[in-house]
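J.: Sequence and computational prediction follow.
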Amino acid sequence: MKRQVIITLLCVVVFKVVAQGQNFFPKEDLMSIGVYYYPEHWSPNQWERDIKNIAGHGFEFIHMAEFAWAQLEPSEGKYDFTWLDKVIKLAEANGLKVILGTPTPCPPVWLGIKHPDIYVKDVLYQRKEHGTRANMSLSNPKVLDYTQKIVEAMAKHYARNKTIMGWQIDNEPEAKEDYSEASQAAFRQWLMAKYATVDALNKAWGTAFWSQLYSSFDEVNIHNATNVGWWGANPIALLDFKRYTADTQAAFLDFQAEELRKYIDKSQFITTNYVAKGNGADPRRSTQMDFASFTAYPNYGSANLGDLGFRLGDYSVLMYANDYYKSVDGVTGVMEIQPGQVNWANHNSLLQPGTVRMWLWHCFAGGSSFACSYRYRQVLYGAEQYHHGIVSTDGVSLSQGGQEYVQVMKEIKLLKEAYSSKAKMPKAIQKRKAAIMWSFDNLWNLERQKQTYQWDSWMHMQRYQSILHALGAPVDFISEEDDFNDYPFIIVPAYEMVDEDLVQKWKSYVAQGGNLIISTRTGAKDKNAHLWESNLSGIMNELIGGKVTSFDMLPAGKSGEVVMDSQTYQWSSWGDRISASTNSEILASYSDQFYKGDACVISKSIGKGKVWYIGIESLYGQLEKDVLKRAFDDNKVSVENYPEGVFVMYRDGFMVAVNYSSEAYELDYDGNYLLGEKTLKPAAVSVWKSK
Ligand code: GAL
């Protein structure tokens, strides 16, 4: 009964957040498209022309001011909004809305001269200085003081301006490790709040090891892996530093949001633009954003496929960002997405024509309520000289990417005509609904102790995410606090740190009919990142129906074999040896090495549901895919079999297909296409109405 009340309350809270976020973006608008504009980079007599052209091309909003602190507060306490007011008026006259950035990434020179200690100190205790961005120490009280003043001045000035649709706080909050004096003091405070007594800290950090004991919090300095040597550093002290850094970053965002909210109209949203696959700033640590948005530069990364891959982009960037950021508050948008070549990658190749359009449609399919291009004009000077814009260096002609934006804006109009608020997700897709459980704390900890050069926590998780997409499942990311019961399938990839409460929550989810698919390394440690005083899977033994007794890994170029259903799979990076209990089923076992015959994949029924433990990372992911397929099959849920890089997703009554692979793909649909066709070429997009 009590539980029911709590769940109902939780649902109300979750619904409120989603509904609130959605209020800023009516569903029938599908995806509004905007662009970054930096008036401070251009002659004022070009502003009118530029704004007119932006509106003429079909953009709906512009984004300004995030790096313009020096122009907004040229000297201490003297604010100048005249230039920005002019551009906002021009935007209004041309029917454009505006997103304003708070300019805190770039403190003006006068601030640094007056207070040189506002800057971050890096791992070598070297103080950063004026001339770049993201260089302030966020735990420094002076930084907070000056931040409060500029944010308050902007908020007061634009509070009732109807052209302002929302605010982006700071820019790409990537939690910076800060070893400054202010940060050292703040870290000690953070530790005191967390541990209360120095004994508790000593225990948690395991300071008995190598004489690291503290007798007071005052003695604690941030553990610096560079100074003590990476191999010798205390992993738990480093994990706490990561946690503190992310908390500090989140508190800085919330601090600004609270300041804005004192003044601004309710119609103006507050968000920030997280780096798509960033791992420093944790959106779930902030409580004051209306929703989390993200920035995406998919040009090059870990998942570029085939010959054309370097021009088509890394599909994992938007795959992850779409699913992850939407899950934070139910609404998301891509705040920055590249319109073409960038200037900072290892190599900055031209994109395959159609690629920018494909990315935008991938954002749409993934649920973005808006998409904003970084940037309108290609800047003629500064650190981003060779970075493409929507228009090229002449300031007026559309670049290749610019043309593709214009095309997408026209296409969205077409879709709006076909939109129906009554459309529902097809049942076959709904039944596949899956969630991935994922936390930054686990990621940081795993990355600190990989054990083998082959271990890559991102890759491990994304392999499962890719498989789910290949099977045509809609994917959300959940945290321990979320309601698990919304999802028939939950995947828990390498979730290393657990406690009794979580294990209990998993058990009751399964008992009520859930399918819990847990991968290797999950549950190997407690929340303080200590191993269990038992076997490796410690408090997980009963849940998974077996004991992980040891794990193995193979050297470069060597692979081992496992067999499942008479099929052989190769592995190399990680394999658990499991002693299965009598009430569980062994699905896969090793077929070579001295432990031939030991189990590595098991499953167990609990109540109405089932737990699957995949204690191995196979070479190409086929084993993991076959286990997942089996879990869907067992539940009589039909699945698809899309090749890697082909995404076919449902959104608001439409099916959207995009192709990042270098091969054409024949879609299995015979009806009428709103866009595109049955043959999905590389970089192509097809859209049709769902049945
Ligand atoms: C982003 C950043 C932008 C711009 C862009 C260039 O990471 O947020 O301000 O620098 O990169 O590609």
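T.: Structure received. Here the structure is a predicted model, which means the values were calculated and not measured. Numbers count the residues shown, from 1 in each chain.
J.: Which parts of this protein belong to which domain?
T.: Using automatic domain parsing, the domains assigned to the chain come out as 2-180+243-418, 436-634, 646-689.
J.: can you tell me if the longest one touches the ligand.
T.: Read it as domain 2-180+243-418. Yes. Part of domain 2-180+243-418 sits near the ligand under the criterion CB under 6 Å from any ligand atom, namely N171, E172, T295, Y297, E336, V342, Y374, E384, H387. (Each C-beta comes from the backbone N, C-alpha and C, glycine too.)
J.: okay, those in a markdown table with secondary structure, pLDDT and distance to E40 next?
T.: Below are these laid out as a markdown table (DSSP: H, G, I helix; E, B strand; the rest coil; pLDDT from 0 to 100; distance: CB to CB, whole Å):
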| residue | secondary structure | pLDDT | distance to E40 |
| --- | --- | --- | --- |
| N171 | coil | 97 | 15 |
| E172 | coil | 97 | 19 |
| T295 | strand | 98 | 20 |
| Y297 | coil | 97 | 23 |
| E336 | strand | 98 | 18 |
| V342 | coil | 95 | 21 |
| Y374 | coil | 97 | 16 |
| E384 | coil | 96 | 14 |
| H387 | coil | 96 | 17 |
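J.: quick one: buried residues of the longest strand that the chain contains?
T.: Counting residues, the longest strand found in the chain (DSSP state E) is strand 567-580. Counting neighbours by 16 or more other CB atoms under 10 Å, one finds that the buried residues in strand 567-580 are Y569, W571, S572, S573, W574, G575, D576, R577, I578, A580.
J.: so what's S75 up against?
T.: Residues in contact with S75 (CB atoms under 8 Å, 6 or more residues apart in numbering) are W110.
J.: Distance check, it against P39.
T.: Going from S75 to P39 by CB to CB, to the nearest Å gives 20 Å.
J.: Please apply the same query to T679.
T.: According to CB to CB, T679 stands 44 Å off from P39.
J.: Just want to know which of the two has more residues nearby.
T.: Remark: of T679 and P39, P39 carries more neighbours, 22 against 12, as counted by other CB atoms under 10 Å.
J.: Look at the closest residue to the more buried one other than its chain neighbours and tell me its secondary structure.
T.: Among residues not flanking P39 along the chain, V87 sits closest, at 4.6 Å (CB to CB, 6 or more residues apart in numbering). Under the three-state scheme (DSSP: H, G, I helix; E, B strand; the rest coil), V87 adopts helix.
J.: Report the contact partners of the residue of the stretch 251-400 of the chain found nearest the ligand.
T.: Residue of the stretch 251-400 of the chain nearest the ligand, by CB to the nearest ligand atom: V342 (4.6 Å). V342 sits next to Y297, N299, N348, H387, H388 when contact means CB under 8 Å, 6+ apart.
J.: one step back: just the closest of the residues of domain 2-180+243-418 next to the ligand to D482, please.
T.: The shortest approach to D482 among the residues of domain 2-180+243-418 next to the ligand belongs to T295, at 24.7 Å (CB to CB).
J.: Contacts only, for that closest one.
T.: T295 makes contact with E172, N273, Y274, V275, A276, V334, M335, E336, I337, Y374 under the criterion CB under 8 Å, 6+ apart.
J.: all strands of the stretch 1-150 of the chain, in order?
T.: 32-36, 61-64, 97-101 (DSSP state E, counting those that start in this stretch).
J.: quick one, helices of the stretch 401-550 of the chain?
T.: In the stretch 401-550 of the chain, the helices defined using DSSP state H, counting those that start in this stretch lie at 427-430, 440-448, 457-470, 500-511, 541-544.
J.: just to revisit the earlier point, how close does the residue nearest to P39 get to Q184?
T.: In terms of CB to CB, V87 sits 42 Å off from Q184.
J.: Of these two, which one has the most company?
T.: Each of V87 and Q184 had its neighbours counted (other CB under 10 Å), and the higher figure belongs to V87 (24 against 15).
J.: and that one, what does it touch?
T.: Contacts of V87 (CB under 8 Å, 6+ apart): Y37, P39, W47, I51, I62, M64.
J.: For the strands of the stretch 1-150 of the chain, give me TSV that also has mean neighbour count and mean pLDDT.
T.: Formatted as TSV, these follow (neighbours: other CB atoms under 10 Å; pLDDT from 0 to 100):
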stretch	mean neighbour count	mean pLDDT
strand 32-36	23	98
strand 61-64	25	98
strand 97-101	24	98
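J.: If we ignore the residues flanking it in sequence, what's nearest V475?
T.: D323 (4.6 Å).
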